[in-house]
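Chemist: Sequence and predicted model, in that order:
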Amino acid sequence: MAFHQLGGAMSEMTDNPLSLLIDLERCIGCKSCEAACKQSNALGPHTYRNRVMWYGEEEKEAEPFLPSILDFLTVTCQQCERPACLRACPVTPKAISKDPETGVVQINEDRCTGCGECAVACPYGAIGYNAEKHHAVKCDLCAHRRAEGDGPACASVCPTTAIQFGHRDEHLAKAEEEGRTVLDTDHFLQKPATVYFTRQDEKDRSATAVPKLMADDRVRKNLNADSLHGTYDKPTREKAEEAPATKHKGGCNICFNACPITYELRDGQITNIYGTKEDPIFKGRICPKSQMTLQMYNNPDRLLKPLKRVGERGSGTFKEISWQQALDEIASKLIELREEFGAESLAIQAGTRTGMLNIMGAVPMFADLWGTPNVAATEPFCDLGKVVSLELTQGSTMLANVYTPEDIGSAQMYVYIGDNQAETRPVNFGLVNNWRLENKAKMVVVDPRQTVTATKADTWLPIRPGTDMALGLAMIHHILSNGLEDKRFCDTWMAGFTEWRDFIFAKGYDADWAAKITDISADMIRSLAEEIATVDGCMIFLSRGINQHVNSAQTNRTYLFLAAITGNYGRPGGGYFNVTSEPDWKSPVIPENRKPARRPAISKNPAAWVEAMLGEDRYPIKALITGNNPMGQWPDLNKARRAVKALDLVVHMDLFRNATSDHADYVLPMASGIEKGGTSRFAEDRRIVWNDKLVDPPGEARSDHWFWIELGKRMGFEDVLEERFKDPRVLWDEVLRPNTPALNGISTERLLAQPSRWMRMPVKNEGDVPPDTLYQEGTTAFEAPEGHRFPTPSGKLEFFNDALEQRFAEMGLSALPEFYTEKASAHLAPTLQYGEDEVVSSFFHTDAFVKPGALVEAQAPVASEFDMELVTGRPPAPHFHSWTHYFWQAQEMWPQMYCQIHPKKADSLGVADGDHVTVRTANGALTVRAWRYSGIRENAIFIPIGWDEQQPYHPSEPLNQLVGLALDPISQQPNLKLHMCTVKKA
């Protein structure tokens, strides 16, 4: 023990205080710790006990082998042995004390006068201020949680385990054991207890500049306690203690990660959301979005009653009406339109927010009974290229690998191509990054910009957007040319291997060819190919950066082929991964005599419905019922908005008013998550998580499937869309589960019996054990004939045969991997030219018209004012599409829409960090704030999705008014990732 003079008295202090370990190699800046701290301590806007800072260095050149120019630092109380805050406190007796046994520095908030002396004295900037209650706040390592046997909230949720809790000596011992360097933070002679591990690569890190986008608190001016109606402090700790808590297991329903979470309820109201610490895989780790759904369930901006438009469409003027009136009038108008234009004149888009019970249950049942083929969810925008490719190649949409130490955790290499997993699925990335560090595996990221994922990689390759297929083909060429392929796998398990090999050789798709197209050196391409081919297990992660291009299906097939020839298929630690994983859905059974005859769909992609909405297609679309935000999300948005304005009926179902609401005739309040019950979205590792209905939805909000059942009654469908299907358990157990074999053995009873409420598919029978890695040698694939390793007709991975070639030929293409890309790169490589005549595609389970394409050889460069590549994608971890923009804390973390631009380009435009710039394409213009960032190609800019004009805190015109409409002929996936643009200082 040591003795120290504190506040005028000699105090005996521990030599081994409690402390946090913060590992900078693991931190991804997701701000989950911020969310946990605010929730656990009932902190409102502008009040912090911890903060995650992002640091950049715009003067550095970001190249593959140079240091990361983006780093993250968690700023929190250091629990100093000689705390300056305590010594500075002028109150008698002092409002700040130090626990002699734990070493924790605490503030007595009742005694504190809010003078601010401690904040001035703290050299670490770790003291916050509660403006509502007028006192200082700081981290006390969650004293209230420690009193109940739990650790600090930040450490409990951290998706990457970058924050760990224990005694300082334990952290120092860990550093010695793992050979880690402890950052020297004692420049002020305070003897801080908090331990920071430095980054492992020992590179010079001079990233010190905080981007103006994040440093300017003025942009958060719309966040104030009065406007939030107290949602941030429900409950305060005092109020929480008044009522007993009940805890319920379930899953997050925001994104496709489906993280296991625990809901805390008091007096029938949800009061806290935690990670499920008992979960064997995730162990309580969750991202900020999961926690901030507390602000979805308790939100003053929720829609509460049905609304009917009373002004011009687009005016945003509505009156409240009853559900009965809304349903009666919608039904009456639909019947009228069907009589005049046919049942196909109704189009339905069900967003993923609406839930799987709705998307795969109620909606297709209603559509089949009504007779419209024009039905879609978000799959055509997100991953239809992957879905089609998996069905063609392996006969199933279920991905092989799972997040366990024995499977993905055993890989010796992780390659991310067009996948920013650290920001889109932080918990999964945390698992991968930990396995990388523990096993000394290599990580490579291929992306036009240095994403957060890339900051943790050994190598970052800034590829030209839309040319990933060329990279894949060149790696295949190099591997086959040098005999590096897994010959046994190629000969035994690949149908069409010889045809692909001979074609790739004949076309000369080698590294030198690809280098000119991709902007990645031939040596780097060869080196990456050799590493993938020779390591013992490589996981290849793809995502929207691959899917959202006009070569989506062919690029996915190329990387399936790459995984296969290197033996990284159907084995632990090696595989192709592309979010999400689906169970080979089968449509609900509708009696044949109840199905009206119907024409093929106008398009599999809803964005291509606009011509029919404008009366310029085979038949008209006159009505749209949507459960997402198409007026913020569809490409060629200006034309799409004109098309929607031309409709006779628009019904919008959502949680909040957004850009689509203003274009609707009826806006309906919907329930979400535990307000209605049902499954989460299906995760990429084949997990299904069940949520029971735990709380009542606000106002008159209803579940989406409730709406379709009620609307069905008015159409005479009640004998099929039965009243009892409003119960989510009945709908799952009696409709979705029996119709899809992979789900047959996953009843709600069995889901609820699981400790974390999740199971992996496929499971045929109730007693079957859910599988881990699929398609392993010596096994028979699910529902396949005995001995078929893959559920294809041949039992092999199928890349080429005569029937497949015929199907591709109908689309103007070949089943062989002939490279083409976006028109933005027409001077480098072949591109698509669409025909005028449409054909019915054979690549989908229901008939849909598509326009075939023909390849046009590379053209000579044409002078154009559009001299920069516009790259789009997801924003940082706190946001997911538009709903998080109604969560005040997500807005506090990432308030404004922005544009990442390289400093060299910014200098040429006279643009300083934080300035506004106007970005213009052939489709429209948008003004956003500039973030000077060296981690992006010099001739590219990046703008994230998710913002629209109707959001309450920081509205912005949507990104997709810059984006045109061009579709992959095979999958109907649109190009959302590459458009040429020009940038000017606003």
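Modeler: Yes, it's here.
Chemist: Count the neighbours of the closest residue to Arg807 other than its chain neighbours for me.
Modeler: Using Cβ to Cβ, 6 or more residues apart in numbering and skipping residues adjacent in sequence, the residue nearest Arg807 is Ser842, 4.9 Å away. Quick note: C-beta positions are derived from backbone N, CA and C, even for glycine. Residues lying near Ser842 (other Cβ atoms under 10 Å) number 13.
Chemist: Kindly report the same for Ala529.
Modeler: 25.
Chemist: wait, it sits on Leu473?
Modeler: No. With contact defined as Cβ atoms under 8 Å, Ala529 does not count as touching Leu473 (10.6 Å).
Chemist: Would you agree Glu329 falls within a strand?
Modeler: No. Checked against DSSP: H, G, I helix; E, B strand; the rest coil, Glu329 lies outside a strand; its state is helix.
Chemist: Any figure for the gap between it and Pro958?
Modeler: Plainly put, Glu329 is 29 Å away from Pro958 if you go by Cβ to Cβ, to the nearest Å.
Chemist: Between the two, which has more neighbouring residues?
Modeler: Summary of the neighbour comparison: Glu329 and Pro958, criterion other Cβ under 10 Å, with Pro958 having more neighbours (26 against 17).
Chemist: The more buried one: what's it in contact with?
Modeler: By Cβ atoms under 8 Å, 6 or more residues apart in numbering, the contact list for Pro958 reads Met631, Gly632, Gln633, Leu637, Ala659, Ile945, Trp947, Asp948, Glu949.
Chemist: what about the fifth one, how many neighbours?
Modeler: I take that to be Ala659. Residue neighbour count, defined by other Cβ under 10 Å, stands at 23 for Ala659.
Chemist: before we move on, what about the last one?
Modeler: Neighbourhood size, Glu949 [other Cβ under 10 Å]: 14.
Chemist: show me the contacts for it.
Modeler: Going by Cβ under 8 Å, 6+ apart, Glu949 touches Ala659, Pro955, Ser956, Glu957, Pro958.
Chemist: quick one on the thing from earlier: can you read off the pLDDT for the residue nearest to Arg807?
Modeler: With respect to pLDDT, Ser842 has a value of 97.
Chemist: Wait, a helix at it?
Modeler: No. Applying three-state DSSP, one finds Ser842 to be coil, outside a helix.
Chemist: Let me know the distance separating it from Gly114.
Modeler: 70 Å.
Chemist: and what of Arg932?
Modeler: 37 Å.
Chemist: So for these two, which sits in the more crowded spot?
Modeler: Neighbour totals were compared for Arg932 and Gly114, and Arg932 leads with 26 against 16 (other Cβ under 10 Å).
Chemist: pLDDT score for that one?
Modeler: 93.
Chemist: which neighbours does the helix or strand harbouring Leu624 have in its sheet, and in what orientation?
Modeler: Taking DSSP states H and E as the criterion, Leu624 maps to strand 623-626. With DSSP bridges as the test, strand 623-626 is paired with strand 346-349 (parallel), strand 649-654 (parallel).
Chemist: average pLDDT across that strand?
Modeler: 99.
Chemist: Name the surrounding residues that touch it.
Modeler: Counting by Cβ under 8 Å, 6+ apart, 330, 333-334, 337, 345-351, 609, 613, 630, 644, 647-653, 660 sit against strand 623-626.
Chemist: Selecting buried members of these in ChimeraX, what would you type?
Modeler: Paste this into ChimeraX to select the buried members of the contacts of strand 623-626, with burial taken from 16 or more other Cβ atoms under 10 Å:
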select :330,333,334,337,345,346,347,348,349,350,351,609,613,630,644,647,648,649,650,651,652,653,660
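Chemist: can you give me the strands for the stretch 751-900 of the chain?
Modeler: Ranges of strands in the stretch 751-900 of the chain, per DSSP state E, counting those that start in this stretch, are 758-760, 797-798, 831-834, 839-840, 849-850, 853-856, 868-873, 898-901.
Chemist: JSON lines for those strands, including mean neighbour count and distance to Asn434?
Modeler: Output for the strands of the stretch 751-900 of the chain, formatted as JSON lines (neighbours: other Cβ atoms under 10 Å; distance: least, Cβ to Cβ, whole Å):
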{"stretch": "strand 758-760", "mean neighbour count": "22", "distance to Asn434": "21"}
{"stretch": "strand 797-798", "mean neighbour count": "23", "distance to Asn434": "31"}
{"stretch": "strand 831-834", "mean neighbour count": "19", "distance to Asn434": "42"}
{"stretch": "strand 839-840", "mean neighbour count": "14", "distance to Asn434": "48"}
{"stretch": "strand 849-850", "mean neighbour count": "25", "distance to Asn434": "43"}
{"stretch": "strand 853-856", "mean neighbour count": "16", "distance to Asn434": "43"}
{"stretch": "strand 868-873", "mean neighbour count": "23", "distance to Asn434": "25"}
{"stretch": "strand 898-901", "mean neighbour count": "25", "distance to Asn434": "28"}
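Chemist: Of these, which is nearest Ala922?
Modeler: Taking Cβ to Cβ, strand 868-873 is the member of those nearest to Ala922, at 10.8 Å.
Chemist: what about Lys604, neighbour count?
Modeler: Count around Lys604 with other Cβ under 10 Å applied: 27.
Chemist: How confident was the prediction at it?
Modeler: For Lys604, the predicted pLDDT is 97.
Chemist: Would you agree it is in contact with Pro380?
Modeler: Yes. Between Lys604 and Pro380 there is a contact under Cβ under 8 Å: 5.7 Å.
Chemist: Need the residues touching each of the two.
Modeler: Residues touching both Lys604 and Pro380 by Cβ under 8 Å, 6+ apart: Gln972.
Chemist: Name the residues of whichever strand or helix holds Gln325 that come out as buried.
Modeler: Applying DSSP H and E as the criterion places Gln325 in helix 323-341. Judged by neighbour count using 16+ other Cβ under 10 Å, the buried positions of helix 323-341 are Trp323, Ala326, Leu327, Glu329, Ile330, Ala331, Lys333, Leu334, Leu337, Arg338, Phe341.
Chemist: Understood, closing this out.
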